[in-house]
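In: here is my input; please provide its structure:
(chains A, B, C and D)
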4 protein chains.
Amino acid sequence: MTYRAGVVGAAGFAGIELVRILARHPEFELVAATSDALAGTRIAQVYPAFTGVTDLAFSTHEGTDFGSCDVVFLAVPHKAAMGMAPDLLAAGATVVDLSADFRLKDPAVYEQWYAPHTAPDLLARAAFGLPELTGDELAAAAERRAAGEAVLVGCAGCYPTATSLAAAPAIRAGLVDAAAPVVADAVSGVTGAGKKATERTHFCFANENVEAYGVGTHRHTPEIEQILGLEGRLVFTPHLAPLNRGLLSTVTLPLAPGVKAPTTEELVALYRDFYEMSPLVSVMDAGVQPRTASVAGTCRAQVGVAAHPAGVIVATGAIDNLGKGAAGQGVQCANIVFGLPETCGLEEIANPV
Amino acid sequence: MTYRAGVVGAAGFAGIELVRILARHPEFELVAATSDALAGTRIAQVYPAFTGVTDLAFSTHEGTDFGSCDVVFLAVPHKAAMGMAPDLLAAGATVVDLSADFRLKDPAVYEQWYAPHTAPDLLARAAFGLPELTGDELAAAAERRAAGEAVLVGCAGCYPTATSLAAAPAIRAGLVDAAAPVVADAVSGVTGAGKKATERTHFCFANENVEAYGVGTHRHTPEIEQILGLEGRLVFTPHLAPLNRGLLSTVTLPLAPGVKAPTTEELVALYRDFYEMSPLVSVMDAGVQPRTASVAGTCRAQVGVAAHPAGVIVATGAIDNLGKGAAGQGVQCANIVFGLPETCGLEEIANPV
Amino acid sequence: MTYRAGVVGAAGFAGIELVRILARHPEFELVAATSDALAGTRIAQVYPAFTGVTDLAFSTHEGTDFGSCDVVFLAVPHKAAMGMAPDLLAAGATVVDLSADFRLKDPAVYEQWYAPHTAPDLLARAAFGLPELTGDELAAAAERRAAGEAVLVGCAGCYPTATSLAAAPAIRAGLVDAAAPVVADAVSGVTGAGKKATERTHFCFANENVEAYGVGTHRHTPEIEQILGLEGRLVFTPHLAPLNRGLLSTVTLPLAPGVKAPTTEELVALYRDFYEMSPLVSVMDAGVQPRTASVAGTCRAQVGVAAHPAGVIVATGAIDNLGKGAAGQGVQCANIVFGLPETCGLEEIANPV
Amino acid sequence: MTYRAGVVGAAGFAGIELVRILARHPEFELVAATSDALAGTRIAQVYPAFTGVTDLAFSTHEGTDFGSCDVVFLAVPHKAAMGMAPDLLAAGATVVDLSADFRLKDPAVYEQWYAPHTAPDLLARAAFGLPELTGDELAAAAERRAAGEAVLVGCAGCYPTATSLAAAPAIRAGLVDAAAPVVADAVSGVTGAGKKATERTHFCFANENVEAYGVGTHRHTPEIEQILGLEGRLVFTPHLAPLNRGLLSTVTLPLAPGVKAPTTEELVALYRDFYEMSPLVSVMDAGVQPRTASVAGTCRAQVGVAAHPAGVIVATGAIDNLGKGAAGQGVQCANIVFGLPETCGLEEIANPV
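Out: Have a look, this model is predicted:
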């Protein structure tokens, strides 16, 4: 193993998925998995999928020597991450943060949607982690890291990842009306609601049910707007559906005035060109739609795109919210920053059925 | 029992739900349930929920005396219904059709999306069955029936019902831009895909998966456009999610230019006013979203509405696709046409959990 | 409405199912639904299935006038019920208890599995509520109630109901070895684990999983042994499966020595004879197995039975754990005790699909 | 890659799981995946999980050059496999058969449960593929293969694998009554019912349902009896539950007369000793039960065991029916026969959630 890796907040859903990926990663060695609440407990006792796989126990944050880590993944709630990152960076560890704390470039926007930012100076330094769309930022970070700097990556959230992968090629090609609202209706599996046992995550309330939530108020809104340059024009409505893993975002993009309406085939060609160098994103054939089940458990994404007679483009993006939407993307970003192949340790294939 | 009722196509999902409702309806007596494929088989052998409930067997269409029926429900595929309706009406039975055959007013539109219409003269005579929005048509049909006429109702489809219940109050109040696209992203349970065993309905493909389908091509598009007056402006994208029953439509309605943006509270008040006389539709409190599970197994609908800072209204409608979206609505229409209370036999409460 | 009914512990899963049934019962009028934790909150806010159905709010136990109730249903945890029953009975209300507190005839057995019994004198007075098997006890209670006495019913639990319905006809016919172990492996939906949000009931842990629990230690063991006269011979292993409602118990009954092995057809005939007067229990045809989905949402039960070449009988019983396994059974018992038809208000048919 | 591998019947559920495993196996190179029905179609079109992973298309059986294969996996129905194996062996390929055709040692037993055997001479030559229990047979086959022989492995079925892993340590230790019935009640996910779209596998019939099937008649009965030496004493009842992958077998083993009843801790120690050399089987701590979700998507197994006061042992075994119960086990057997580490290419960890 070339690099030593720690996971902070390893007992949460994104954290434990990091543990799962890192446990088999050929270049990152998992040396610490923290959970203050469960410190001392073997991981396998909490998540029996690790029975017979590892005897590693959760450690406390305080009792963990992060100084020996080349990279630390933060899988903690927002606000906690920005409290931890400065010390970790100072200790020389590269930080890959899955929380919202280092995603928004403007501290005022962060404050509006979350809380006052306690490490605003780091915002400019943080690379935004959505490799297919922010490759330049990550490449620059990789260079800085190669030069000995501890770098910081703020990984994209789950809804922003699926939505942006679906929308970006059309927007960046200038096809989309820069004045009209863009509608993103997205459906997530229940792991997206986190590990906390609540009425919302109770099997009997989530099962056999679909509902919208956070209409007009979901915190991923400014992040998507930032990625896609939509400033105040995004109508984002998330929904919950009864599955563990999987997130589908259906994005309706009104054509820019004066643009000749593309055919679905032209759009597919455009999208394939866009993602030509992105091994984890597949653009579906014309007329074929992505399936969340086909990427579940992986860091892959499927994107579909169609021309619509009402003068819009309908693009869909499917990911595993814990994979490409969280832990997988974190590892993908770490791979890039450490100069490894982008897909290293991320070659899993979803269960075909 | 006051009236005799028959169900044609009783072995399909909408048909058997009709059987379930009629088996306990206080005013309609179920006298025939046809299925040419299963004729002679007891209903309980095919659908064991009827074990110990009824010994009725499916009969053939040919062998069924519809002349003795006051009302015949058609739960057959499109094209089949328009072949049957003329004879049934001629025999004096009121016909409540759950197929698409008598929904579209314009035979040219029907031909464009389905096939040449074989009974175009009946289109003008058919009342459109979505009582909360087409009460006048149904009231007129009720009068004609009371005067001795066999009347015809073409009930709204499942997606059109949920979408229109969500969108109509805002549109009819003049709040919605008459030139911009309206986006309806809807999610249906798998009963919506019908009884036929296919790869699409195979448990192992449908489970743990969400996907869009029929993007830009779904046949419910012209029907929704007709109800809401959207002519060519509807962007309707249906999705499949892993639940049996339930359909949620999330509709994004751009505000008309010059209209003062309403608050969510004002919208809720407007919607409550609109549905004041509709016992089966509930408008949720501001900030509360409908849940499909809360109407599953019933003919009820829940509608949510919210103002959105991007200058649009986001409205959501939840129904059971087999209940308010099919069989329940058929019975509700029959109730009205026969002068019964609208909710007669439809008082079921969804499983709270 | 003839009788006034109250539900104590109405916010739990069994309690709210009682509310659902009583809200439409033609003879019992629901006058109070208590929940100390949620007092003052409208039921529909907690369980949105009641939106548009009732404006009733939960009340406190203390603030509820049970004296005016003809019957009080207790849907509270064990230990709580035995604390409440004496006062309610003293106030003249008939008590139908869904907890374990009045099921076991012997206070020593109760103490062994639960806690010291605080109202042991009531144990002898309590009728055991599993009408198909303890009709005499309930008939006697009905007579006492008709004579003006407030009576007490301790309803059977969910696993005991399904297991005993499957096993009793064979055992009572003397077909079963009185010395060998009887194995009951049962599978329950997640509503059986209760409303409390825990890791066990978290969607993401319960979904896509089957597991056994409480092996050799489940508290329904002595109850089943009491009903079936198995004293120390029951091997009962409950399992959890990913569905909301439904409980299937598969019981393996070794044939008594010297008994001529019956055929499956003979067993079906025996079982049908046994349940001839039980409108809510259906015995499946030879070769047909019960389905939990076919009784979900109802108070019905399906029983299957088969001869097995290894010299045993395999009997299966399917119920809805909240219906025939809890709330429905409570109402069925109340019907009997109040001289109403057994199925009054319990005529629901499960969703056929 | 060291060895060339082909999969016959690759479009079925076990076949496609073989494709998934072999696509990433470091020592076996997948060179052919046959499906006569789908020949010419790219795998990814049928199973979109392979989108972006492989461009391989299904080939016809006839058009496939199996002579160049070192190993051929048969994932075809019983009867088909015994028709293919002789030619493949003659062509020099080692054959790993997932069907039932080479599991039963006695052709008369095969004929009784399936059909007359067309290659009975191969039965004695076939190694039974359940490595943890038939290591000797597989080791001998590995030696023969190393000496240049094309060998034949008949892999254990899914129910036999889970049931035998749970029961074998107790039985082989002489703890189990050799005269009394052994009860195995097992629950399988729906992939166990195969790819064919039927009413049984329709989402809307399988979802929210548990049912038993094949009571007393399931063809895995003689196979389990053969492995465990139970001849006519096994009471095996399979059930279907609403999950894709996962199989749990709960086995009740009556203690042999005169044996001192072991404690649960003693049983756990015995089982751990038994499986000490089996890296894919984990024995759970006393009081902890296996979860199917914790092995889904893998070739791992979890086994639980408990002493029961009724004088029996209750043992439980959890596997993924397509993993350790089919494709994974086939690859595990191939690993052994080819002298590779048993777990080669099978190191996957189940989704922790």
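
In: and the pLDDT at the residue of the stretch 151-300 of chain A found nearest chain D?
Out: Residue nearest to chain D within the stretch 151-300 of chain A (Cβ to the nearest Cβ): A:Ser282, separated by 3.7 Å. For every residue, glycine as well, the C-beta is placed using N, CA and C. Listed pLDDT for A:Ser282 reads 98.

In: wait, a strand at it?
Out: Yes - A:Ser282 forms part of a strand when assessed by DSSP: H, G, I helix; E, B strand; the rest coil.

In: give me the neighbour count for A:Lys260.
Out: Neighbours of A:Lys260 under the rule other Cβ atoms under 10 Å in any protein chain shown: 8.

In: likewise for the one 5 residues further on?
Out: As a burial measure, A:Glu265 scores 12 neighbours (other Cβ under 10 Å).

In: tell me the phi and psi of it?
Out: phi -60, psi -40 (degrees, to the nearest 10).

In: surely it touches A:Gly287?
Out: No - at 9.5 Å, A:Glu265 does not count as touching A:Gly287 under the criterion of Cβ atoms under 8 Å.

In: show me the beta-bridge partners of the residue of the stretch 151-300 of chain A closest to chain D.
Out: Beta-bridge partners for A:Ser282, by DSSP bridges, are A:Gln302.

In: pull the contacting residues for it.
Out: For A:Ser282, the contact set (Cβ atoms under 8 Å, 6 or more residues apart in numbering or on different chains) comprises A:275, A:300-303, D:51-52.

In: how does it look with 6 Å?
Out: A:Ser282 sits next to A:302, D:51-52 when contact means Cβ atoms under 6 Å, 6 or more residues apart in numbering or on different chains.

In: what is the nearest of the residues you listed to chain B?
Out: A:Gln302 (9.5 Å).

In: and the stretch 51-200 of chain A, which residues reach chain D?
Out: Contact residues (Cβ under 6 Å from any Cβ of the partner chain) of the stretch 51-200 of chain A with chain D: A:51-53, A:191.

In: quick check: next helix or strand after the longest helix seen in chain A?
Out: Across chain A, the longest stretch assigned as helix under DSSP state H is helix A:158-172. Following helix A:158-172 in sequence order, the next helix or strand is strand A:182-188 (DSSP states H and E).

In: three-state assignment of A:Asp285?
Out: What three-state DSSP gives for A:Asp285 is coil.

In: just give the nearest non-adjacent residue to A:Cys69, would you?
Out: Nearest residue to A:Cys69 in three dimensions, chain neighbours excluded: A:Gly6, at 4.3 Å (Cβ to Cβ, 6 or more residues apart in numbering or on different chains).

In: so where do the helices sit in chain A?
Out: Under DSSP H, chain A gives helices at A:13-22, A:43-46, A:80-90, A:107-113, A:121-125, A:135-146, A:158-172, A:203-206, A:220-228, A:264-274, A:328-337.

In: quick check: the residue in chain A sticking out farthest from the centre vs chain C, distance?
Out: In chain A, counting by Cα atoms, centre = their mean, A:Gly258 sits farthest out from the average C-alpha position, at 34.5 Å. A:Gly258 is 47 Å from chain C, where distance means Cβ to the nearest Cβ, to the nearest Å.

In: do A:Val31 as well
Out: 27 Å.

In: list the contacts of that residue.
Out: Taking Cβ under 6 Å, 6+ apart, we find A:Val31 in contact with A:Arg4.

In: give me the pLDDT value at it.
Out: 96.

In: beta partners for the residue nearest to A:His239 when sequence neighbours are not counted?
Out: Of all residues not flanking A:His239 in the chain, A:Val187 sits nearest, at 4.5 Å (Cβ to Cβ, 6+ apart). Under DSSP bridges, the beta-bridge partners of A:Val187 are A:His239, A:Leu248.

In: can you give me the neighbour number for A:Val187?
Out: Neighbours around A:Val187, by other Cβ under 10 Å: 30.

In: any stretches of chain A with poor pLDDT?
Out: Low-confidence segments of chain A (pLDDT under 70): A:1.

In: got the domain boundaries for it?
Out: Residue ranges for each domain of chain A read A:3-156+A:324-337, A:158-323, as given by automatic domain parsing.

In: neighbours of A:Leu270, how many?
Out: So A:Leu270, with other Cβ under 10 Å, has 18 neighbours.

In: tell me how far the residue of the stretch 51-200 of chain A found nearest chain C lies from D:Thr64.
Out: Nearest residue of the stretch 51-200 of chain A to chain C (Cβ to the nearest Cβ) works out as A:Ala197 at 3.9 Å. For A:Ala197, the distance to D:Thr64 (Cβ to Cβ, to the nearest Å) stands at 51 Å.

In: run a quick neighbour tally on the closest residue to A:Pro279 other than its chain neighbours.
Out: Leaving out its chain neighbours, the residue that sits closest to A:Pro279 by Cβ to Cβ, 6+ apart is A:Thr343, at 5.3 Å. The tally of other residues near A:Thr343 (other Cβ under 10 Å) stands at 16.

In: next one: A:Arg200
Out: Neighbours of A:Arg200 (other Cβ under 10 Å): 16.

In: cool, A:Asp87 as well?
Out: A:Asp87 has 12 nearby residues by other Cβ under 10 Å.

In: got the residues of the stretch 101-250 of chain A near chain B?
Out: When proximity is defined by Cβ under 6 Å from any Cβ, the stretch 101-250 of chain A lies next to chain B at A:181, A:183, A:185, A:187, A:204, A:208-213, A:215-216, A:233, A:235, A:237, A:241-243, A:246, A:248, A:250.

In: my guess is the residue nearest to A:His239 contacts A:Leu240. True?
Out: No - with contact defined as Cβ atoms under 6 Å, A:Val187 does not count as touching A:Leu240 (7.5 Å).

In: can you tell me how far A:Val7 sits from A:Thr34?
Out: In terms of Cβ to Cβ, A:Val7 sits 7 Å off from A:Thr34.

In: ok so, going back, how about the domains of chain A, which one is nearest C:Gly83?
Out: Among the domains of chain A, the nearest to C:Gly83 by Cβ to Cβ is domain A:158-323 (27.0 Å).
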